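Peer 1: Requesting a structural model of the entry that follows:
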Amino acid sequence: MSAESITLSSPVAATRDVLRVSEVKIHSTRLDCVDLLRGIVMVLMALDHTRDFFTYLQFAPEDLARTSGPLFFTRFITHFCAPTFFLLAGTGAYLSLSRGKSVAQVSKFFATRGLWLIFLNLTIVAVAWTFVLPFYFGGVLWALGWSMVAMAALVWLPLPAIAALGAATILGHNLLDGITPHSFDNFTLARLWVVLHGHRLIPIGSQDEFFVLFSLIPWVGVMAVGYALGALLRRADWRKLVFATGVTITASFVLLRFFHLYGHAAWPGPWKVQATPLLTFIAFFDTLKYPPSLHFLLMTLGPALMALPWLDRVNAERGLGRVLKVFGRVPLFYYVLHLYLIHILAILAAKATHQPSHWLIGGPLMLMPQAHYGHGLPFIYAMWATVVVLLYLPCKWFMDYKQRHDDWWLRYL
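Peer 2: Take a look at the predicted model:
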């Protein structure tokens, strides 16, 4: 009797084959929606960095005394980038287990990729921001790298323990706000605390300083929760569960924020009624990113989770879905390339419009725009669109190259 006749004559075997095919289809689509969400936040991230390099404003968009609706929205929409990226970094690592990797392999990848990201942050990315080396700062790749190093140890724990530890870190880290560097008599411990839960310049050596932009404690928790999310995405009913979780997290933000409950930072503090309804609305959503308050994380992670089931319905093989998928498949390549591209375009635009460009060497991360430099939001949005268009073909080429080759080093780019 042939193998085909055995399969056809066995209802149990036939059912098992159908379920196996369905599982593969769900898994493939699920990966697409993760890539699409990652692609969206990469595109939005370029908007934030384009604004950094091209703006003429001498104040932060969150400054209620001087901001406007369009300016705050331009900043607010990019708040979703870092939390979503940390979350999906953990999710992607867990999903790699379903592709045949062992826990030991995932742990090794976390450790080696984490150290690689830290190195990139201190070298290639530092130069992209400033065109100066050395430039010591702890940016998003710094925090991602150390979070991955921490996850290299955490993945050996049972999955419920990883989820609980991540959730406890997110929910409880604001309890540490009362601890400041001045709480430590030891200077080394004070500097370490800034790295873990602060946002400022700290001295290193006799003359240099290290700028802590992204602290570590809450972001490790976000990545750990993302790792647990990967297990949830393997369930047949994941769409309902993930959407319900996102709604719950978002509702929690609204309740905590509205009633001035736990989770806001000392600055900007609880929201207050402002002179106009628009400013009151802005004040409600003006939460602290550096280091991220609980309100900030709930405000961004909830909608990100709600978006995943919706993106699961998007065709990732054509139109805008194809573009976002390309960016989502090569996030590190995109990240490094977009910083250099934006910085170079800023210099070229300054020269073309007879504006001062010398200050862009050594800035703008540490400096406000110089006098007689910069552009308004229409120009910034136009340059953002230009950057995204210019990035597509290089990113598509690199995505296709990675798909055609299986070299180990490609997993680190």
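
Peer 1: what sits against I347?
Peer 2: Counting by CB atoms under 8 Å, 6 or more residues apart in numbering, I347 touches 357, 360. Using the backbone N, CA and C atoms, a C-beta is placed for each residue, glycine as well.

Peer 1: Find the helix or strand that it is a member of.
Peer 2: Using DSSP states H and E, I347 sits within helix 331-352.

Peer 1: any idea how far the helix or strand that that helix is followed by is from the chain center?
Peer 2: Moving toward the C-terminus from helix 331-352, the next helix or strand (DSSP H and E) is helix 377-404. When distances are taken as CA atoms, centre = their mean, to the nearest Å, helix 377-404 is centred 18 Å away from the chain's centroid.

Peer 1: Buried residues in helix 377-404, which are they?
Peer 2: Of all the residues in helix 377-404, those buried under the rule 16 or more other CB atoms under 10 Å are 377, 379-381, 383-384, 387-388, 391, 395-396, 398-399, 402.

Peer 1: Show me what it is packed up against.
Peer 2: For helix 377-404, the elements it packs on are helix 11-54, helix 69-76, helix 319-329, helix 331-352, judged by 3 or more CB pairs under 8 Å, 6 or more residues apart in numbering; DSSP states H and E.

Peer 1: still on that earlier bit, and the helix holding I347, what's buried?
Peer 2: Buried, per 16+ other CB under 10 Å, within helix 331-352: 331-339, 341-343, 345-346, 349-350.

Peer 1: Next, the angle from it to helix 377-404.
Peer 2: With axes from the mean of the first three to the mean of the last three CA atoms, to 10 degrees applied, the angle from helix 331-352 to helix 377-404 works out at 140 degrees.

Peer 1: residues in contact with stretch 203-213?
Peer 2: In this structure, residues lying in contact with stretch 203-213 by CB under 8 Å, 6+ apart are 134, 136-140, 142, 191, 194-195, 198-202, 290, 365-366.

Peer 1: Distance across that stretch, terminal residue to terminal residue?
Peer 2: Using CA to CA, to the nearest Å, the end-to-end distance of stretch 203-213 comes out at 14 Å.

Peer 1: Same question for stretch 175-191.
Peer 2: End-to-end distance for stretch 175-191: 19 Å, by CA to CA.

Peer 1: Can you tell me what sits against that stretch?
Peer 2: Stretch 175-191 is contacted from outside by 193-194, 197-198, 202-204, 217, 265-266, using CB under 8 Å, 6+ apart.

Peer 1: What residues sit buried inside that stretch?
Peer 2: Buried residues in stretch 175-191, counted by 16+ other CB under 10 Å: 181, 190-191.

Peer 1: tell me which of those residues is nearest to I282?
Peer 2: Distance to I282 across these (CB to CB) is lowest for P181, with 30.7 Å.

Peer 1: Look up the closest residue to the closest one, ignoring the ones flanking it.
Peer 2: Leaving aside its chain neighbours, P181 sits nearest to A190 (3.9 Å; criterion: CB to CB, 6 or more residues apart in numbering).

Peer 1: do the same with T78
Peer 2: Closest to T78 by CB to CB, 6+ apart is D48, at 3.7 Å.

Peer 1: show me the contacts for H260.
Peer 2: Counting by CB under 8 Å, 6+ apart, H260 touches 270-271.

Peer 1: What are the phi and psi values at it?
Peer 2: phi 60, psi 40 (degrees, to the nearest 10).

Peer 1: got a pLDDT number for it?
Peer 2: Here the pLDDT value assigned to H260 is 94.

Peer 1: so how far is L301 from it?
Peer 2: From H260 over to L301 the distance is 21 Å, taken as CB to CB, to the nearest Å.

Peer 1: ditto for S107
Peer 2: Going from S107 to L301 by CB to CB gives 25 Å.

Peer 1: coming back round to it: tally of neighbours for the residue nearest to T78?
Peer 2: Counted with other CB atoms under 10 Å, residues neighbouring D48 total 17.

Peer 1: try F73
Peer 2: Neighbours of F73 under the rule other CB under 10 Å: 15.

Peer 1: Spatially, and excluding backbone neighbours, which residue is closest to S252.
Peer 2: Spatial nearest neighbour of S252, chain neighbours left out: L298 (5.5 Å); criterion: CB to CB, 6+ apart.

Peer 1: which parts of the strand or helix carrying that neighbour are buried?
Peer 2: Following DSSP H and E, one finds L298 within helix 294-311. By neighbour count on 16+ other CB under 10 Å, the buried set for helix 294-311 is 294-309, 311.

Peer 1: Now for W116, how many residues are close by?
Peer 2: Using other CB under 10 Å, W116 has 18 other residues around it.

Peer 1: show me what contacts it?
Peer 2: By CB under 8 Å, 6+ apart, the residues touching W116 are 145, 412.

Peer 1: hmm, try it at 6 Å
Peer 2: The neighbours of W116, taking CB atoms under 6 Å, 6 or more residues apart in numbering as the test, are Y412.

Peer 1: Tell me which helix or strand it sits in.
Peer 2: helix 103-122.

Peer 1: could you check the angle helix 331-352 makes with that helix?
Peer 2: For helix 103-122 against helix 331-352, the angle by the same axes, to 10 degrees is 10 degrees.

Peer 1: quick one: average pLDDT of helix 103-122?
Peer 2: The average pLDDT for helix 103-122 rounds to 96.

Peer 1: and what of stretch 314-324?
Peer 2: Here stretch 314-324 scores 93 as its mean pLDDT.

Peer 1: ok so, going back, where does the residue nearest to P181 land on pLDDT?
Peer 2: We have a pLDDT of 93 for A190.

Peer 1: What of S5?
Peer 2: We have a pLDDT of 38 for S5.

Peer 1: now swap in V132 and tell me
Peer 2: The predicted local confidence for V132 is 86.

Peer 1: So the nearest residue to it once chain neighbours are set aside versus Q370, what's the distance?
Peer 2: Spatial nearest neighbour of V132, excluding adjacent residues (CB to CB, 6+ apart): G362 at 5.2 Å. Distance, G362 to Q370, by CB to CB: 11 Å.

Peer 1: Thank you, goodbye.
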